[in-house]
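Visitor: How does the following fold in three dimensions:
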Amino acid sequence: MKAKSIKGKSVQEIQSAFEKSLADGFKPTLAIVFLSVSQDREAICKLLDANGIAIFGATTSGEFIDQVTEKGSAVMLLLDIKKEHFQIYLDEYPEKNYRETSSAIARKAKTKFAKPAFLISGSHMETDAEQLLFGFEDVIGKDVNVYGGMASDDYTFTEQFVFTNGKESNQGIVALALDENKVIIKGKATCGWKAVGTEKTVTKSEGNHVFTVDDMLVLDLIAKYGGLENVSPDNPGLLLDIAANLPLQLQREKGDPVMRPGLVVDWDDRSFYCSGSVPQGSKIRFSIPPDFDVMDKVIVGAEELKATEMPEADALIVFSCAGRILAFGPMMNMEIEGLKKVWNVPMAGMFSNAELARATGGNLEMHNLTTCCVALKEI
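Guide: This next block holds a predicted model:
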């Protein structure tokens, strides 16, 4: 598989970069597209459609193809992968039937490939991304490889989109199914947010909807802990503050904790939705951002993946939490550059609302404030 990555701030810049990429006879069949909600998705998709290229796309809170992070742009990873080695699906879940929706995709993929693996992205802030993962496990089995990130929207917390050829959704999932007998896909998720304070109990929750912690309304508890002011719908920066600076950390008996920031507030009862399940009775702690050394851990994690499972790669896809660039600012460039150097292959990445990959304990899980790097190689 040959790969090239391009970027642009406008449809014209993307078209120019795209045409240059084809000048040497390169004929991509698949495009991984990450772009700002401000970009003209329809025009960019028409450009790819006209060239017979399949699209896996998601909106972002920032994009990159190298160590320089962009805002308001579009980036693409163009691949000349054989068409018989992949399939793209886009389905919606307006009834919040997340698990059933991804199970249906998995069943379709299983009829095409004996051993399918998946790259996925989902849209809508209330989505329980972990249920999407469980749907793939239900059909393919616990060992299924699924990686991805949830679509974002330039930190507006309003409307996100996933898209493919001729179709998009603000409440759905796009899935790239790969024939794992022909395409190797391996990934690694690294977090590093630090737990603080005493352990607390989730006293009322339903799936990813958290109502009370230690019998206190979850929004009021976070406001008290974080010293938040103007905790009201009139505060445009409140959701960003809660998600990026005051996430819950879900504790487990086995394996590392996982992050569960609040993403959507229900002002009627001061509850909120997380992007993954928070079971009633589970234990949580509050979190603070890690030191800059966590970026070294991300790079070391990728180096370990290369040394133990993926010595060679054709392309690299990176899903990094939108909260990380808020915490690290320009220093994020160091992490991205370090990841790029591990395999030194074309790369595309996005800043996402949640990251999807196997945790340290081996289970498929929804992460937040995490970097997930995914390496691909056609065999």
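Visitor: pLDDT weak spots in the protein?
Guide: Counting by pLDDT under 70, the ranges of the chain that qualify are 192, 255, 290, 359-362.
Visitor: so what's the residue nearest the centre of it up against?
Guide: Compute the mean C-alpha point of the chain, and by CA atoms, centre = their mean the closest residue is G149, 1.2 Å away. Contact analysis of G149 by CB atoms under 8 Å, 6 or more residues apart in numbering lists A58, S121, F319, M350, S352, N353, A354, E355, L356, C372. For every residue, glycine as well, the C-beta is placed using N, CA and C.
Visitor: Now it. Its backbone dihedrals?
Guide: Main-chain torsions, G149, degrees, to the nearest 10: phi -160, psi 150.
Visitor: Just give me the neighbour total for K204.
Guide: 16 (other CB atoms under 10 Å).
Visitor: wait, is it part of a strand?
Guide: Yes. Assessed by DSSP: H, G, I helix; E, B strand; the rest coil, K204 belongs to a strand.
Visitor: Any idea what it is bridged to?
Guide: T212 (DSSP bridges).
Visitor: contacting residues around it?
Guide: Taking CB under 8 Å, 6+ apart, one finds V210, F211, T212, Q280 in contact with K204.
Visitor: ok, it to A106 distance?
Guide: K204 is 32 Å from A106, where distance means CB to CB, to the nearest Å.
Visitor: surely K7 meets V75?
Guide: Yes. Counting by CB atoms under 8 Å, V75 is a contact partner of K7 at 4.3 Å.
Visitor: Pick out whichever of those two has more residues nearby.
Guide: V75 (26 against 20).
Visitor: Doesn't the more buried one lie inside a strand?
Guide: Yes. Counting by three-state DSSP, V75 is found in a strand.
Visitor: wait, it sits on G62?
Guide: No. Applying CB under 8 Å, one finds V75 not in contact with G62, separated by 9.8 Å.
Visitor: Common neighbours of those two, please.
Guide: M350.
Visitor: which residues of the stretch 201-350 of the chain fall in helices?
Guide: 218-226, 238-245, 293-308, 322-328, 332-343 (DSSP state H, counting those that start in this stretch).
Visitor: Minimum distance to E378: which of those helices has it?
Guide: helix 332-343 (14.1 Å; CB to CB).
Visitor: Could you check the angle that closest one makes with helix 293-308?
Guide: Relative orientation of helix 332-343 versus helix 293-308 (axes from the mean of the first three to the mean of the last three CA atoms, to 10 degrees): 10 degrees.
Visitor: what comes up buried for helix 332-343?
Guide: Buried residues in helix 332-343, counted by 16 or more other CB atoms under 10 Å: M332, N333, M334, E335, I336, G338, L339, K340, V342, W343.
Visitor: Could you do stretch 311-330 as well?
Guide: Result for stretch 311-330 [16+ other CB under 10 Å]: buried residues 313-328.
Visitor: got it, and stretch 54-70?
Guide: Quick answer for stretch 54-70 (16+ other CB under 10 Å): 54-67, 69-70.
Visitor: Mind picking the one among those residues that's closest to L250?
Guide: S61 (22.8 Å).
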